[in-house]
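Undergrad: generate a structure from the sequence data that follows.
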Amino acid sequence: QVVLVESGGGLVQAGGSLRLSCAASGRTVSEYVMGWFRQAPGKEREFVAGISWSGGSTQYAGSVKGRFTISRGNAKNTVYLQMNSLKPEDTAVYYCAARGGQDTPILTWYNYRGQGTQVTVSS
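TA: Residues are numbered from 1 along each chain as shown. This next block holds a predicted model:
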């Protein structure tokens, strides 16, 4: 069993930055692909970013590419999402997720997901 706990959400003005963190406990996630999803009220869940086991490969949604950066900590059990140039449309609950399987940075499914952290961007 893996427990994922997100932190770092909050309220920020448009153009500002936030850094989300996700800490994994329980089983080691060093061989899990990890990433972030988000869901805004009344909208479908959206893939945001993914990162491979080693951290050497990443993938981003087109809507955040060039503004968000995903990375893994040295112990591979922490993943971060640096969010710059935030826009009101980035407002959502952000979820950390992890999956086993093929080591590509694409998350279309997951084995584990955190409880989420709210990000609100004011205009």
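Undergrad: any idea what the residue most central in space within the chain is bridged to?
TA: The C-alpha lying nearest the average C-alpha coordinate of the chain belongs to residue 36 (CA atoms, centre = their mean; 2.4 Å). Residue 36 has these beta-bridge partners by DSSP bridges: residue 49, residue 96.
Undergrad: what of residue 113?
TA: residue 97.
Undergrad: surely residue 32 meets residue 2?
TA: Yes: counting by CB atoms under 8 Å, residue 2 is a contact partner of residue 32 at 7.5 Å. No exception for glycine: its C-beta is placed from N, CA and C like everyone else's.
Undergrad: between these two, which one's more packed in?
TA: residue 32 (24 against 17; other CB atoms under 10 Å).
Undergrad: tell me which residues touch the closest residue to the more buried one other than its chain neighbours, please.
TA: Using CB to CB, 6 or more residues apart in numbering and skipping residues adjacent in sequence, the residue nearest residue 32 is residue 98, 4.3 Å away. If a contact means CB atoms under 8 Å, 6 or more residues apart in numbering, then residue 98 has 2, 4, 24, 29, 32, 33, 34, 35, 110, 111, 112, 113 as its contacts.
Undergrad: what's the pLDDT at the last one?
TA: Okay, so that is residue 113. pLDDT, residue 113: 96.
Undergrad: just the fourth one next, same as before
TA: pLDDT recorded at residue 29 is 78.
Undergrad: near residue 8, how many other residues are there?
TA: Neighbours around residue 8, by other CB under 10 Å: 16.
Undergrad: shouldn't it be in contact with residue 23?
TA: No: with contacts counted by CB under 8 Å, residue 8 stays clear of residue 23, the gap being 10.7 Å.
Undergrad: re earlier: quick one: which of the contacts of residue 98 is nearest residue 123?
TA: residue 35 (27.3 Å; CB to CB).
Undergrad: which positions in stretch 62-82 come out as buried?
TA: 64, 68, 69, 70, 72, 76, 77, 78, 79, 80, 81 (16 or more other CB atoms under 10 Å).
Undergrad: those in strands, which ones?
TA: 68, 69, 70, 72, 78, 79, 80, 81 (DSSP state E).
Undergrad: give me the common contacts of residue 32 and residue 2.
TA: In contact with both residue 32 and residue 2: 24, 98, 111, using CB under 8 Å, 6+ apart.
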